[in-house]
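1. What shape does this take:
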Amino acid sequence: MRKNPLIAVLALVALTICGCGAVPQSKYYELQVPRETDSSAAADVFPVTILVGPLKASHLYREDRLVYATDTEEVGTYQTHRWAAPPTEMMRDLLWRTLRASHRYSGVHLLTSNSHGDFILEGNLYDFKEVSGASLVARMNLALELRDMKTSAIVWSHDCVHDEPVGAKEVSAVVAALDQNAQRCAMNATASLNEYFVSHGKK
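-> The predicted model follows:
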């Protein structure tokens with residue numbers, strides 16, 4: 001009796017699917033965004049417009065997978081734990097939203113091909129990862145610079161370098177610690193920028 005080749009192929013596919021089991025579901029995480037406050041409560045507004053440009057980084061932080069490392073600098077990525085957007089984009093948006101929420105500037109916009117402003121905020125994200133060793137920490141290393149668009153000179157710089165302790169050996173705890181690091185960086189950078197413009201008479 002001749003076998004039907006189509007039936008044989010379908011049977012093989014069915015066996016393959018059953019053998020593989022269910023595909024693990026990916027989990028997605030995102031950074032918190034600052035709440036908008038009443039602009040009437042803000043201090044004097046600086047008469048400048050800041051454009052927030054894209055952040056530079058290695059390919060690890062331009063993709064959406066969470067990054068982990070050991071204290072021996074072995075690096076890897078989680079397969080099913082992902083950011084809602086690449087860390088470079090999330091951190092850029094957090095800086096933009098935090099500066100805008102301060103209501104201290106004439107304008108704060110994302111840099112586009114047709115945008116106009118007085119200064120460009122740029123940066124390089126070196127680390128945004130879990131690091132395991134003697135202790136478990138969430139490491140952030142972000143270098144920021146403010147460029148004067150008229151002169152192309154770097155007029156301000158700020159480094160966000162911090163290891164935030166992780167409360168539990170769970171990915172969600174790592175994400176929470178990285179979020180705390182990001183929020184601290186955005187707030188400290190905003191405060192430092194405010195001090196720069198006050199000291200240079202931009203009020």
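
2. those strands in this structure, which residues are they?
-> Using DSSP state E, the strands of the chain run over 27-29, 46-57, 65-70, 75-83, 105-110, 119-132, 136-148, 154-165.

3. in the shortest one, what's buried?
-> Residues of strand 27-29 classed as buried under the neighbour-count rule (16 or more other CB atoms under 10 Å) are Tyr29. Heads up, the C-betas are built off the backbone N, CA and C, glycines and all.

4. same thing with stretch 110-125?
-> 111, 117-123, 125.

5. and what of stretch 157-170?
-> 158, 160, 162-164, 166.

6. tell me the mean pLDDT for that stretch?
-> For stretch 157-170, the mean per-residue pLDDT is 95.

7. try stretch 73-92
-> Mean predicted confidence for stretch 73-92 is 95.

8. Could you tell me which residues within it count as buried?
-> For stretch 73-92, by 16+ other CB under 10 Å, it's 81-83, 86-92.

9. same deal with stretch 133-151?
-> 136-147.

10. The closest residue to Ala186 other than its chain neighbours: neighbour count?
-> Sequence neighbours aside, Thr98 is the residue nearest to Ala186 in space, at 4.1 Å (criterion: CB to CB, 6 or more residues apart in numbering). The number of residues packed near Thr98 is 21, by other CB atoms under 10 Å.

11. wait, Thr98 sits on Pro34?
-> Yes. Using CB atoms under 8 Å, Thr98 is in contact with Pro34, at 5.1 Å.

12. any common contacting residues for those two?
-> The contact sets of Thr98 and Pro34 overlap at Ala186 (CB atoms under 8 Å, 6 or more residues apart in numbering).

13. so how far is Ser113 from Val33?
-> Counting by CB to CB, to the nearest Å, the separation of Val33 from Ser113 is 25 Å.

14. and which of the buried residues of stretch 157-170 is nearest Thr72?
-> Asp163 (15.9 Å; CB to CB).

15. which residues touch that closest one?
-> Contacts for Asp163 (CB under 8 Å, 6+ apart) come out as 131, 137-139.

16. Give the bridge partners for it, please.
-> Legend: beta-bridge partners of Asp163 under DSSP bridges are Arg139.

17. distance of it from Gly133?
-> Asp163 is 10 Å from Gly133, by CB to CB.

18. same check, this time on Leu144
-> Taking CB to CB, one finds Leu144 at 27 Å from Gly133.

19. again, but for Ser102
-> 37 Å.

20. follow-up on the earlier one: Throw the contacts of Asp163 into a markdown table and include pLDDT and distance to Thr151, thanks.
-> Formatted as a markdown table, those follow (pLDDT from 0 to 100; distance: CB to CB, whole Å):
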| residue | pLDDT | distance to Thr151 |
| --- | --- | --- |
| Val131 | 96 | 39 |
| Val137 | 96 | 39 |
| Ala138 | 97 | 37 |
| Arg139 | 97 | 34 |
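
21. now, the most widely separated pair of these?
-> Val131 and Ala138 (7.6 Å).
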